[in-house]
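Undergrad: Sequence first, then the predicted structure, then my questions.
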Amino acid sequence: MPLRIEDYAIIGDTQTAALVGKDGSIDWLCLPRFDSAACFAALLGDESNGRWRIAPEGEVRAVHRRYRDGTLLLETEFICDEGVVRVIDCMPPRGRVADLARIIEGVRGSVRMRMDLDLRFDYGHVTPWVRRGRERMLAIAGPDAVCVQGRLPDGVELARHTAFTVHENQRIPLVLVWYPSHESPPEPMDIETVVADAELWWREWSSRCTYAGGWREEVLRSLITLKALTYAPTGGIVAAATTSLPEWIGGVRNWDYRYCWLRDATFALYCLMVAGYFEEAHAWRDWLLRAAAGDPARMQIMYGCGGERRLPEFAVPWLSGYEGSSPVRVGNAAVDQLQLDVYGEVMDALHVAERAGIPEDGSMWDMQKLLLDFLESAWGRPDAGIWEVRGPVRQFTHSKVMAWVAFDRAIKSLQQHGKSGPLKRWTRLRDRIHDEVCRNGFDPGRSTFTQYYGSKMVDASLLQIALVGFLPAEDPRVRGTIEAIEHDLWSDGFVLRYRTEDGVDGLPAGEGAFLACTFWLADNLALIGRREDALRIFERLLGLCNDVGLLAEQYDPVAGRQLGNFPQAFSHIGLVNTARNLSAAGGPAEHRAEE
């Protein structure tokens, strides 16, 4: 039986990441970057798809794990009858090659350990050629090579499967290094020094956090997770470290999230700036500008972490999927969809960055005007919407609201920052979009906005109406929409994106509650004065964090388990922003609504 999603923890080097299970197994590792082929892929199939497990050979009575304060260094402690052993895992922030360091530490007694190292490339499809030596093992296949270095006790040779004993106060450092196969293997390294330097790096980064509101420990852990999901060379932030972890066990909603979504931009900027991380916010803004550059009609909803545009989706049939949830997908076909809301998100993100004092790129306003020129003719078109439906395109209400945001932020740029542009024309168009949404996207019988024009259904994206300032929170239509979402999309204390059984997305029914949307509900309740209700929801969401503070995309309240790709940037961004909203006046919800 595979581990639950929440039984994993992330380690990373700000260029790629790995997932470490409670059982001491690294079951997912993409090398040399987030969206590259996986070296370990047991998470999406059986053990033969590659894993690196270090754990006691005998019975384990208890497992405790934690991150060292302010870092991404993970400690997993195994308590056995014979004693206690600790495994320390980290991926030091790096330059060109990726290092995965593991230190086995004897805490008490003598514990017999077992190491299983099954290396596979290309998502478990390719078995490498392996050469062994006493203190080094090389695995090579195609463009990829891995070197595992370290000295096991009692003269035991590094091998795929081996057993050894760890005694009290004994430390056994091991490291796995990826390198291009046409180059020479890396020179041996001082693993203890590498790990110590990594700890210092993370502590220094965490010390820059200026967040002073409530729930600071949870907020800092979310910020560290967001940093771990950042591709440092470009500043891009991927949505998650994984692909194809299911939104419903056994279902087909298994997507590749190892890419950067434009719509995450504004939420991420607020999240970073709330905590004083303006350097990261600046890098993310610059990534956004580079990725979105070009023909506005061809602007995509997502890009690779380096800004790559071609992200073709294909199934990986040799992987059975997490708990049999197939297909396993690489790439994401939603990249080709028209989603009009991203134009509003881009305009809002750039407006937020300018308002925060992030220096403007010289060509930024010219690019924004090109986006608006396209949106003037395109905003009335049906699209796939924020949830990237694979069913028919529709006149989604949220898409129209975000088109309104695009022109609203442009008008504010003219008024507040002295930019040049057709103020009267944009104002007329902004008002026209507003009138149409209020007329066609609102159901007066139920006093709620609807998922798309003419629909009777709601979806959680409508919670953005007050958060982006389309209507004030005290407007009865906003309150009516909040109440409709609480009635229609409430699932045992959490919020669904929409009712999948209605078939709007062209896929079989079934997915968990969406955590980011539940944070949005808390934000809305705080804005309309229902603070105690907002606090109860927020505390319930915090209770879903696993033992090391991580959240996936969704949650199954019946089975009581996390679902979807992990850890999810959108969920942790929601945690930070909602914590700030509930800590004091003037949080991201109020700032964005008043812009």
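TA: Received it, and whenever you're ready, just let me know what you need.
Undergrad: Outside of the helix or strand in which T225 is found itself, list whatever touches it.
TA: Per DSSP states H and E, T225 falls inside helix 216-228. Outside helix 216-228, the residues within contact range by C-beta atoms under 8 Å, 6 or more residues apart in numbering are 10-12, 14, 17, 67, 70-72, 202, 205-206, 209, 211, 213, 237, 241, 268, 271-272, 275, 277, 280, 542, 545, 548-550, 567, 569, 572-573, 575-576, 579-580. No exception for glycine: its C-beta is placed from N, CA and C like everyone else's.
Undergrad: heading toward the C-terminus, what's the first helix or strand past that helix?
TA: Downstream of helix 216-228, the first helix or strand assigned by DSSP H and E is strand 230-231.
Undergrad: Just give the strands next to that next one in its sheet, each with its orientation.
TA: Using DSSP bridges, the strands paired with strand 230-231 are strand 236-237 (antiparallel).
Undergrad: Following element in sequence after the partner strand, please.
TA: strand 260-261.
Undergrad: quick one: contacts of that next one?
TA: Contact partners of strand 260-261, identified using C-beta under 8 Å, 6+ apart, comprise 231, 236-239, 287, 291, 301-305.
Undergrad: For ChimeraX, write a command that selects the buried ones of the contacts of helix 216-228.
TA: Selection of buried members from those for ChimeraX, criterion 16 or more other C-beta atoms under 10 Å:
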select :10,11,12,14,17,67,70,71,72,202,205,206,209,211,213,237,241,268,271,272,275,277,280,545,548,549,550,567,569,572,573,575,576,579,580
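Undergrad: So which of the contacts of helix 216-228 sit within strands?
TA: 10-12, 17, 67, 237 (DSSP state E).
Undergrad: re the thing from before, and the contacts of strand 260-261, which two are furthest apart?
TA: Maximum pairwise distance among the contacts of strand 260-261 (C-beta to C-beta): 17.7 Å, between Y231 and I301.
Undergrad: where along the stretch 351-500 of the chain do the helices fall?
TA: Per DSSP state H, counting those that start in this stretch, the stretch 351-500 of the chain carries helices over the ranges 364-378, 397-417, 423-440, 464-467, 476-488.
Undergrad: Reformat the contacts of strand 260-261 into CSV and put pLDDT next to each item.
TA: Shown next, in CSV, are these (pLDDT from 0 to 100):
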residue, pLDDT
Y231, 95
G236, 95
I237, 96
V238, 97
A239, 97
W287, 93
A291, 91
I301, 94
M302, 96
Y303, 96
G304, 96
C305, 94
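Undergrad: show me the biggest strand of this protein in terms of residues.
TA: Per DSSP E, the chain has its longest strand at strand 98-118.
Undergrad: Buried residues of that strand, list them for me.
TA: 98-107, 111, 113, 115-118.
Undergrad: what's the answer for stretch 404-422, then?
TA: Buried positions in stretch 404-422, judged by neighbour count with 16+ other C-beta under 10 Å: 404-413, 419.
Undergrad: go on, stretch 450-458?
TA: For stretch 450-458, a neighbour-count test (16+ other C-beta under 10 Å) marks 450-453, 455, 457-458 as buried.
Undergrad: With just CA atoms, put the longest strand of the chain into PDB.
TA: Only the C-alpha atoms of strand 98-118 are listed here, as PDB (Å, rounded to 0.1, in the frame of the first residue of the first chain):
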ATOM      1  CA  ALA A  98      21.900  18.600  -8.400                       C
ATOM      2  CA  ASP A  99      23.000  17.100  -5.100                       C
ATOM      3  CA  LEU A 100      20.800  15.000  -2.800                       C
ATOM      4  CA  ALA A 101      22.400  14.500   0.600                       C
ATOM      5  CA  ARG A 102      21.400  11.900   3.200                       C
ATOM      6  CA  ILE A 103      23.100  11.500   6.600                       C
ATOM      7  CA  ILE A 104      22.300   8.500   8.700                       C
ATOM      8  CA  GLU A 105      22.800   9.300  12.400                       C
ATOM      9  CA  GLY A 106      22.800   6.900  15.300                       C
ATOM     10  CA  VAL A 107      21.000   8.500  18.200                       C
ATOM     11  CA  ARG A 108      20.700   5.600  20.700                       C
ATOM     12  CA  GLY A 109      21.600   2.000  20.700                       C
ATOM     13  CA  SER A 110      22.500   0.000  17.600                       C
ATOM     14  CA  VAL A 111      20.000  -0.300  14.800                       C
ATOM     15  CA  ARG A 112      20.200  -2.700  11.800                       C
ATOM     16  CA  MET A 113      19.500  -0.600   8.700                       C
ATOM     17  CA  ARG A 114      18.600  -1.500   5.100                       C
ATOM     18  CA  MET A 115      19.300   0.600   2.000                       C
ATOM     19  CA  ASP A 116      17.400   0.000  -1.200                       C
ATOM     20  CA  LEU A 117      18.600   2.100  -4.200                       C
ATOM     21  CA  ASP A 118      16.800   1.500  -7.500                       C
END
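Undergrad: and that strand, which strands flank it?
TA: Strand 98-118 has the following strand partners under DSSP bridges: strand 51-56 (antiparallel), strand 83-90 (antiparallel), strand 161-167 (antiparallel), strand 171-180 (antiparallel).
Undergrad: Just send those back as JSON lines, with mean neighbour count, distance to V389 and mean pLDDT too.
TA: Output for the strands paired with strand 98-118, formatted as JSON lines (neighbours: other C-beta atoms under 10 Å; distance: least, C-beta to C-beta, whole Å; pLDDT from 0 to 100):
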{"stretch": "strand 51-56", "mean neighbour count": "24", "distance to V389": "35", "mean pLDDT": "97"}
{"stretch": "strand 83-90", "mean neighbour count": "22", "distance to V389": "39", "mean pLDDT": "98"}
{"stretch": "strand 161-167", "mean neighbour count": "16", "distance to V389": "46", "mean pLDDT": "94"}
{"stretch": "strand 171-180", "mean neighbour count": "20", "distance to V389": "37", "mean pLDDT": "95"}
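Undergrad: With distance to D122 as extra columns, can I get the ones you listed in a markdown table?
TA: Output for those, formatted as a markdown table (distance: least, C-beta to C-beta, whole Å):
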| stretch | distance to D122 |
| --- | --- |
| strand 51-56 | 15 |
| strand 83-90 | 24 |
| strand 161-167 | 22 |
| strand 171-180 | 14 |
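Undergrad: Of all the ones you listed, which one is nearest W365?
TA: Closest approach to W365 among the strands paired with strand 98-118 (C-beta to C-beta): strand 171-180, 41.1 Å.
Undergrad: Just give me how far that closest one sits from the chain centre.
TA: Chain-centre distance of strand 171-180: 26 Å, with C-alpha atoms, centre = their mean, to the nearest Å.
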